[in-house]
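[1] please work out how this folds:
(chains A and B)
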Amino acid sequence: MTRTITIDPVTRIEGHSRITLQLNEAGEVVDAQFHVTQFRGFEKIAEGRPFREMPSLMARICGICPVSHLIASAKACDDLLAVRVPSTAVHLRQILNLAQLIQSHALSFFYLSAPDFLLGLDADPARRNLFGLLEQHPELARGGVRLRQFGQEVIEQLSGRRIHPAWVVPGGVSEPLTADRRDRMLAGLPEALDCVQRTLAWFQPLHAQFQEEIRAFASFPTLFLGLVTPQNTLEHYDGLLRLVDADGSIRELAIDKFQYGEVIGEAVESFSYLKSPYYRPLGYPDGLYRVGPLARLNMVSRAGTPRADAALAEFQALPLAERQSSFYYHLARLIEILYALEQIERLLQEPDILSPRVQAAAAPNAYEGVGIAEAPRGTLLHHYQVDEDGLIRQVNLIIATGHNHLAMNRGVLQTARHFVRGQQLTEGMLNRVEAVIRTFDPCLSCSTHAIGQMPLHVQLLDAAGRVVDEVQR
Amino acid sequence: MKLVIGVGNTLRHDDGAGIEVATRLKRLAARRPDVQVLTAMQLTPELAEPVSRADFVVVVDASTLGEPGDVMQQALYPAGPARALTHHVAPEMLLTLARHLYGHSPPAMLITITGAHFEAGEGLSPVVEGAMPEVLGFLLRLLFTGPLPPAG
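    The predicted structure is shown next:
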């Protein structure tokens, strides 16, 4: 008898999804699908709106990473204005984007995933959360809270609000930075740097305990996509959109953003609202690629800041095959937090950072704009077309989680085949299937309510669709 | 320091009641350095730090219990963890976090205003708007007169 296991909803991620596992008569996993079950429709909502509304409107896509959408949207609008954004505004936007990365990575690592590392993937789910973490490792929990707080404080110091700021506008930013706000941000850096370095020192040796997960958590060679500098170091705001092979050899040196559709295809599957982008020359689904912190670290030769360079060098010393494991997304997040803190310090000390020239004003001068930035979870693309009055005619968004869709599906299948045996479902088994999704830190809902309050629901269905077993937590 | 946290989403009509209360209180208490007012779309673990520094905390939120316009209050005490925590915590858990992470959990109170409309859109319904003077009057008395409630 063939059976289906459904994990619905997947917990400790941003959004609503479920996983189904198809078993054969022997109870072995033969297929797996990761379903994104919510539909947002922002591309349609935007049609007919004045383009200047887009950054603020698009920021509402997400309560966790509004800044990423704000940045990509504003960059697309810069194209519509056909202006050169003042360098101070570019630096301020970069700081904002990096602060967003810090708070988002801290949330993913400390709140959502660290309980698995510290308490074990087989631990009681009632204790496998931030509270369990703080009882056993209060110092680590305090560090996580502090890092997230730091990222949010930088966002607030720059833009006036922690969530959904409207400070980034087409052509630049709406207000310059003041000296006292810059100094407040600089004052918080040493403690934040200390927190992430302490965490790295604790987490790196811990990998020895997770060798099986490293081998089975979406661990396969793929292409990687992301922004890099011309010197092949980390870049999150602008730069070259590059696609490389698993070993780092270059497939696409610098994709023309206006021609992204010739390189990236966008497939749609009936089982999910999430698009499945793929590398067009390899076709669908073979053109699977990954984005996000692991992809970025596997693409660059150096991070670009001293302490992050040292941490990256340790990662690069691992065997190439091991660096393909999505388990290393977690370590990559810590290394990127370190990089972001160092880079914020450098940017805040730029001589023009307090300049009042922060916005280029213009009427719309182009009908099409494409904004690309690295969001915490990977490459984010906003593509707008406007009419003569600057009203939006068409919008296409490719969010980071979408790029990873094919890899997540393949990763779930790999992990489920390794850990799940249909006859003896265990909590740890199911948690590992969820945990492979968590390595990608998918952001599906972009909403602000109720995530994590829902129980994990697993159903075993026979070939006729009858429930033969059920597990809830 | 007395801390007031207004919680809600102003793009869902009455869900933003807590934010609206906090915003108005901020103006009324502008010259009171002993009162800090924060707003949040939801309570997050990072708030444990300012909570731990406060002598008294009031959380103001919208509710679906009771009749629209009802104003209710209850003392808050530290509680155990949720079964599956992400980035969003209940007020009682925020107190627990403050105690465990920073060593202090102050006396705290929850004030709720029952909403009538929670669909997408801005502005409070007339019945919730009508309850605003009562909520603000109660808050002002609570913050500026009388002894603090006992700690949890």
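[2] nearest residue to the residue positioned nearest the centre of chain A other than its sequence neighbours?
    Closest residue to the average C-alpha location of chain A: A:Arg377 at 1.1 Å, with C-alpha atoms, centre = their mean. Closest residue in space to A:Arg377, ignoring its immediate chain neighbours: A:Ala400 at 3.7 Å, by C-beta to C-beta, 6 or more residues apart in numbering or on different chains. Just so you know, the C-beta spots here come from the backbone N, C-alpha and C atoms, and that holds for glycine as well.
[3] what distance do you get for that neighbour to chain B?
    Going from A:Ala400 to chain B by C-beta to the nearest C-beta, to the nearest Å gives 18 Å.
[4] retrieve the pLDDT associated with that residue.
    Looking at A:Ala400, its pLDDT stands at 87.
[5] was I right about it contacting A:Ala375?
    Yes. Between A:Ala400 and A:Ala375 a contact is recorded at 4.9 Å, counting by C-beta atoms under 8 Å.
[6] find residues that contact each of the two.
    By C-beta atoms under 8 Å, 6 or more residues apart in numbering or on different chains, A:Ala400 and A:Ala375 have these common neighbours: A:Ser68.
[7] on that earlier part again, and the residue nearest to the centre of chain A, its phi and psi?
    A:Arg377 adopts backbone torsions of phi -90, psi 0, taken as degrees, to the nearest 10.
[8] and for the one 5 residues further on?
    With angles defined as degrees, to the nearest 10, A:His382 shows backbone torsions of phi -120, psi 130.
[9] A:Val30 now?
    Main-chain dihedrals, A:Val30, degrees, to the nearest 10: phi -110, psi -20.
[10] hang on, isn't it packed against A:Leu23?
    Yes. Counting by C-beta under 8 Å, A:Val30 touches A:Leu23, with 6.8 Å between them.
[11] which of the two has more neighbours?
    Legend: neighbour count by other C-beta atoms under 10 Å in any protein chain shown for A:Val30 and A:Leu23, higher for A:Leu23 (23 against 14).
[12] still on that earlier bit, just checking, the residue nearest to the centre of chain A touches A:Pro442?
    Yes. Counting by C-beta under 8 Å, A:Pro442 is a contact partner of A:Arg377 at 7.1 Å.
[13] now A:Ser56. Nearest residue, chain neighbours left out?
    Per C-beta to C-beta, 6+ apart, closest to A:Ser56 is A:Ala166, 4.8 Å.
[14] where does the one you found fall, secondary structure wise?
    Per DSSP states H and E, A:Ala166 falls between elements, in no helix or strand.
[15] how about the contacts made by it?
    A:Ala166 sits next to A:Pro55, A:Ser56, A:Ala59, A:Ser159, A:Ser174 when contact means C-beta under 8 Å, 6+ apart.
[16] likewise A:Met429?
    So A:Met429 contacts A:Phe419, A:Val420, A:Arg421 (C-beta under 8 Å, 6+ apart).
[17] phi and psi next, for it.
    With angles defined as degrees, to the nearest 10, A:Met429 sits at phi -60, psi -50.
[18] check A:Leu177 too.
    Residue torsions, per degrees, to the nearest 10, at A:Leu177 are phi -90, psi 140.
[19] look at residue 46 and say how many residues are nearby.
    No chain in the question, so chain A it is. A count of nearby residues for A:Ala46, using other C-beta under 10 Å, gives 22.
[20] should've been chain B
    Residues within reach of B:Glu46, counting by other C-beta under 10 Å, total 28.
[21] quick one, grab the pLDDT at the residue lying closest to it once chain neighbours are set aside.
    Distances taken as C-beta to C-beta, 6+ apart place A:Gln149 nearest to B:Glu46, at 4.6 Å, with adjacent residues excluded. pLDDT, A:Gln149: 93.
[22] the residue in the stretch 51-200 of chain A positioned nearest to chain B: which element?
    Chain B sits closest to A:Phe131 of the stretch 51-200 of chain A, with a gap of 3.4 Å, by C-beta to the nearest C-beta. Using DSSP H and E, A:Phe131 sits within helix A:130-136.
[23] show me what counts as buried in that helix.
    The neighbour-count check on helix A:130-136 (16 or more other C-beta atoms under 10 Å in any protein chain shown) flags A:Leu130, A:Phe131, A:Gly132, A:Leu133, A:Leu134 as buried.
[24] burial measure for residue 29, as a count.
    You didn't pick a chain, so chain A it is. 22.
[25] hmm, no, I was thinking of chain B.
    Applying other C-beta under 10 Å, we find 19 other residues in the vicinity of B:Ala29.
[26] could you show me where the strands are in the stretch 101-250 of chain A, in order?
    A:168-169, A:172-173, A:223-228, A:240-244, A:250-252 (DSSP state E, counting those that start in this stretch).
[27] likewise chain B?
    Applying DSSP state E to chain B gives strands spanning B:2-7, B:35-40, B:56-63, B:71-76, B:108-114.
[28] which of those strands sits closest to chain A?
    Shortest distance between chain A and these, using C-beta to the nearest C-beta, is found for strand B:35-40: 8.2 Å.
[29] mean confidence score for that closest one?
    The average pLDDT within strand B:35-40 is 93.
[30] who's in contact with that strand?
    Looking at what lies outside strand B:35-40 - C-beta under 8 Å, 6+ apart - the contacts are B:1-7, B:18-19, B:22-23, B:25-26, B:29, B:47, B:50, B:54, B:143.
[31] please enumerate the helices of the stretch 201-350 of chain A.
    For the stretch 201-350 of chain A, the helices defined by DSSP state H, counting those that start in this stretch occupy A:211-216, A:260-263, A:293-299, A:306-316, A:329-348.
[32] dump the C-alpha coordinates for the second one into CSV.
    Put plainly, it is helix A:260-263. Output in CSV follows, covering the C-alpha atoms of helix A:260-263 (Å, rounded to 0.1, in the frame of the first residue of the first chain):
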residue,chain,number,x,y,z
TYR,A,260,17.2,38.6,-16.7
GLY,A,261,14.4,36.8,-18.4
GLU,A,262,16.7,35.4,-21.0
VAL,A,263,18.8,33.8,-18.2
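[33] chain center to it, what's the gap?
    Counting by C-alpha atoms, centre = their mean, to the nearest Å, helix A:260-263 is centred 21 Å from the centre of its parent chain.
[34] closest to the centroid, which residue in chain B?
    In chain B, the residue lying closest to the centroid (C-alpha atoms, centre = their mean) is B:Val59, at 1.7 Å.
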